[in-house]
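Colleague: Coordinates for the following, if possible.
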Amino acid sequence: QVQLVESGGGLVQAGGSLRLSCVASGGTFSSNVMGWFRQAPGKEREFVASKSGSGVLTYYADSVKGRFTISRDNAKNTVYLQMNSLKPEDTAVYYCAARVVSLNSFDFWGQGTQVTVSS
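Modeller: Modelled structure (predicted):
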């Protein structure tokens with residue numbers, strides 16, 4: 001069982017930055033693909049970014065490429081999402097997720113942290 005706790009959300013003006021953190025407990029963090037997803041009001045949850053356990057493989061949604069950076073510190077069991085040049089359309093609840101046993105999906109999810117970008 002893996003527990004994930006996100007932090008770092010908040011209210012920021014358009015063009016600003018935020019850094020989200022997700023601390024994992026349980027399991028073997030360095031073996032897990034970690035990802036960030038988001039869900040805006042009235043919309044389906046969507047993929048934002050992911051990074052492999054070794055950090056070699058990284059993927060981003062087209063909507064955030066060049067603005068967001070996912071990173072991880074395996075010594076601290078923590079994954080980060082640095083968000084720059086934020087836009088109002090980035091407003092959503094952001095979720096951290098871990099891929100532990102599945103091949104193509106994420107098995108464990110955090111409770112989410114709200115990010116609100118004002119125009």
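Colleague: Can you tell me which residue is spatially central in the chain?
Modeller: Averaging the C-alpha coordinates of the chain gives a centre point, and the residue nearest to it by CA atoms, centre = their mean is W36 (2.5 Å).
Colleague: That one contacts R45, correct?
Modeller: No: between W36 and R45 no contact is recorded; they are 10.9 Å apart, counting by CB atoms under 8 Å. The C-beta positions use only the backbone N, C-alpha and C, and glycine is treated the same way.
Colleague: So for these two, which residues contact both of them?
Modeller: With contacts taken as CB atoms under 8 Å, 6 or more residues apart in numbering, the residues that reach both W36 and R45 are Y95.
Colleague: Contact partners for the residue nearest to K76 when sequence neighbours are not counted?
Modeller: Once its chain neighbours are removed from consideration, K76 has its nearest residue in V23; the separation is 7.5 Å (CB to CB, 6 or more residues apart in numbering). Contact partners of V23, counting by CB under 8 Å, 6+ apart, are 4-5, 7, 76-78.
Colleague: Write the PyMOL selection for whichever of the residues you listed are buried.
Modeller: This is the PyMOL syntax for the buried subset of the contacts of V23, where burial follows 16 or more other CB atoms under 10 Å:
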select buried, resi 4+77+78
